[in-house]
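Colleague: Okay, here's the prediction I keep looking at, along with the sequence it came from:
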Amino acid sequence: MRIVKTVFKIVFAVSFIFGGINHFRDEAFYLKLMPDYIPRGLHLPAVQVSGVAETVLGVLLLVPRTTRWAAWGLIALLIAVFPANIYAYQHSREIFPDLDPAMHFWRLPLQAVLIAWAWWFTQPDGPRAGSEKPSGVAEDRSSDRTHEA
């Protein structure tokens, strides 16, 4: 199971790394997703900050010492951008007239799948606490010893 989790972690991380980089390669696309209730002057900084966050958290997900923190960061990011996904669905015909609105609709439940996927990486790889004896702990064999008088 550890190999499967590692493969899925790499796929997940690379997706966020490339997604984050894409915020800078195609800013216009992401700017269209910005809800009207956010001041226009904050649209570009929000796109850039979220792009940096996706990239950095994707990289940190690949570092064993920071995997859990990165996963929690991705969960927070996915929750934070969810209103933009709702906005994209509600205004899909206006902002993306060539795309089927169903694409934006299906993005909404996909967000829950992505959050669950990230949550998986917050969980330890080994068995649950208490299910096995800790490794490296010596058993007490004092009663087995013979004592010379």
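Modeller: Yep, it's here.

Colleague: C-alpha from now on. contacts and neighbour counts both.
Modeller: Noted.

Colleague: mind showing which ranges of this structure have poor pLDDT?
Modeller: 126-149 (pLDDT under 70).

Colleague: and the longest helix for it?
Modeller: In the chain, assigned by DSSP state H, the helix with the most residues is helix 2-25.

Colleague: elements contacting that helix?
Modeller: For helix 2-25, the packing partners by 3 or more CA pairs under 8 Å, 6 or more residues apart in numbering; DSSP states H and E come out as helix 43-61.

Colleague: And the helix it packs on, what's buried?
Modeller: 43-44, 46-48, 50-61 (16 or more other CA atoms under 10 Å).

Colleague: Other residues contacting that helix?
Modeller: 9, 12-24, 27, 30-31, 34, 66-71, 73-74, 77 (CA atoms under 8 Å, 6 or more residues apart in numbering).

Colleague: Emit the PyMOL select command for whichever of the residues you listed are buried.
Modeller: Remark: buried members of the contacts of helix 43-61, expressed as a PyMOL selection using 16+ other CA under 10 Å:
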select buried, resi 9+12+13+14+16+17+19+20+21+22+23+24+27+30+31+34+67+68+70+71+73+74+77
